[in-house]
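Asks: Dropping a prediction and its sequence here:
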Amino acid sequence: MGKTIKLTQLTDVLSDLVPIKDSIPKYVRDAGLKIQHIDTTGSAMNVWNNVLYEADKHHAVDEVVRAVLNIYPENPFLKAALSEQEIDYTLDKDINPIWHKFENLQLEKLTMEQSTLLPINFLAKGVIKSKAVAKVEIDKGGNMVGKGTGFLIKVKGIDDLFFITNYHVLPDKDKIDKIRIVFDFELDINDNSVASKSFYIDEEGPWYSSGIHELDTTVCKLKDDENQLKNYGFLELDHTDLPEDKFVNIIQHPGGEMKQISLYHNIITYSDERIVQYLTDTLKGSSGSPVFNSRWEVVALHHSGGEKRNGEVELPKGFKSRNEGIVINPIVEFIKSSHGKNN
């Protein structure tokens, strides 16, 4: 029995959502399958692979998906998996329309001259940078719901420690008592949940905001009565270049889930003085994430999906073929100007 693209990708999705293999049998039983018929040795990914193989034999893949959807009802990956079409239902982009816009010489440069090899310390540096990234949650009727992502910053030339996210994530200072900022919402190297730490916004602190159609940025300070924010470091913001055809990486809380990273194949396809667009995987909840270059410098503040171009493939509802951030250079100038007026 051949493994389809859909099943291969579904294995990855389920492994991310349910990474502890001892939790998998519940979903197997809920799907009407017998766990004793499935090899449960090895990693969680191996077990999910075996579960889907068994489910496929019994035409029960959708039942497995629905069983997990009961716990993650808004997960767009799972929703897309129920489609009858054999589609690429992850957020990976069909890059053919993008490649077609390059001339042959440009394409040769991208595929031959531009190496994606990196020194191994790239990974260690990324882990350090990731500490400053946090989930933004809002209290809705007593339930804390993922609203976006943000990160701790210092602007070159200013010693103050700020927290930055999108304006559309934090538009209203009057409601900040309902917002909390959660750091370390992630898995460790053993796939166990890390003990997270929550902070709240300082109502008496600075509040610099620029609307959605401007820089879509909100900058504030967090309460830190116990001097704990020092454990998360910060990302320094300064002017950077944004050449097209280069790569970017985003550390984020997609869909309000645990911290994740989107790495290479994420090529910049367009930029101007205000926005940059790139082929990078994100979801609702990724708004406010830092967009990095290969030197782990922040080059943009992610804020939305880019507009669909003519000829691009249709994707499931809620998915974007490209994504978009606000270039960091005007944000740096905005923070310097706003902070100068208040000091």
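Replies: Nice, thanks for sending it over. These numbers come from a predicted model, not from an experiment. Numbers count the residues shown, from 1 in each chain.
Asks: okay, and for the stretch 101-250 of the chain, where does confidence drop off?
Replies: 101-117, 146, 243-245 (pLDDT under 70).
Asks: Tell me which stretches of it form helices.
Replies: Ranges of helices within the stretch 101-250 of the chain are 104-108, 121-130, based on DSSP state H, counting those that start in this stretch.
Asks: If you count neighbours, what's buried in the longest one?
Replies: To tie it back to what came earlier, the one meant is helix 121-130. Within helix 121-130, the residues scored as buried using 16 or more other Cβ atoms under 10 Å are 126, 129-130. For glycine as for every other residue, the C-beta is placed from the backbone atoms N, C-alpha and C.
Asks: Turn the residues you listed into JSON lines, columns for distance to I120.
Replies: Formatted as JSON lines, the buried residues of helix 121-130 follow (distance: Cβ to Cβ, whole Å):
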{"residue": "G126", "distance to I120": "11"}
{"residue": "K129", "distance to I120": "16"}
{"residue": "S130", "distance to I120": "17"}
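Asks: between those residues, which is closest to E297?
Replies: Of all those, E297 sits closest to K129, with 9.6 Å by Cβ to Cβ.
Asks: and the residue nearest to the closest one when sequence neighbours are not counted, what is it in contact with?
Replies: Using Cβ to Cβ, 6 or more residues apart in numbering and skipping the chain neighbours, the partner closest in space to K129 is W296 (5.2 Å). Shown in contact with W296 (Cβ atoms under 8 Å, 6 or more residues apart in numbering): 122, 125-126, 129.
Asks: how does it look with 10 Å?
Replies: Applying Cβ atoms under 10 Å, 6 or more residues apart in numbering to W296 gives the contacts 122, 125-126, 128-130, 235, 249, 251, 290.
Asks: And it, how far from K175?
Replies: Counting by Cβ to Cβ, to the nearest Å, the gap from W296 to K175 is 33 Å.
Asks: Quick check, central residue of this protein?
Replies: With distances taken as Cα atoms, centre = their mean, Q252 lies nearest the centre of the chain, 3.3 Å away.
Asks: any idea of the pLDDT on that one?
Replies: Note for Q252: predicted pLDDT of 72.
Asks: related to what we said a few turns ago, between the buried residues of helix 121-130, which sits nearest K79?
Replies: So of the buried residues of helix 121-130, ranked by how close each gets to K79 (Cβ to Cβ), first place is S130, at 27.7 Å.
Asks: Just to check, K154 is in contact with D160?
Replies: Yes. Look at K154 against D160 with Cβ atoms under 10 Å: they come within range, at 7.1 Å.
Asks: Find residues that contact each of those two.
Replies: I335.
Asks: And the average pLDDT for the helix or strand containing R29 is what?
Replies: Assigned by DSSP states H and E, R29 falls within helix 24-30. Averaging pLDDT along helix 24-30 yields 93.
Asks: Just give me how far that helix sits from the chain centre.
Replies: 28 Å (Cα atoms, centre = their mean, to the nearest Å).
Asks: Need the residues that contact it.
Replies: Counting by Cβ under 10 Å, 6+ apart, 14-15, 17-18, 33-38, 40, 44, 47-48, 50-51, 54-55, 60, 63-68, 70-71 sit against helix 24-30.
Asks: Just the C-alpha atoms of that helix, please, in PDB.
Replies: Output of helix 24-30 as PDB, limited to C-alpha atoms (Å, rounded to 0.1, in the frame of the first residue of the first chain):
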ATOM      1  CA  ILE A  24      -2.000   7.900  21.200                       C
ATOM      2  CA  PRO A  25      -4.000   4.700  22.100                       C
ATOM      3  CA  LYS A  26      -6.900   6.900  23.300                       C
ATOM      4  CA  TYR A  27      -7.300   8.300  19.800                       C
ATOM      5  CA  VAL A  28      -6.900   4.900  18.200                       C
ATOM      6  CA  ARG A  29      -9.800   3.500  20.300                       C
ATOM      7  CA  ASP A  30     -11.900   6.600  19.600                       C
END
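Asks: ok, then the element right after it?
Replies: Per DSSP H and E, the helix or strand that comes after helix 24-30 is helix 44-57.
Asks: What residues sit buried inside that next one?
Replies: 44, 47-56.
Asks: can you check stretch 288-301 too?
Replies: In stretch 288-301, counting by 16+ other Cβ under 10 Å, buried: 288-293, 296-301.
Asks: what does stretch 157-175 give?
Replies: 158, 161-170.
Asks: And it, how far out from the chain middle?
Replies: 19 Å.
Asks: what's the angle from the lengthiest strand in the chain to helix 121-130?
Replies: Assignment by DSSP state E gives strand 143-155 as the longest strand of the chain. Per axes from the mean of the first three to the mean of the last three Cα atoms, to 10 degrees, the angle that strand 143-155 makes with helix 121-130 is 110 degrees.
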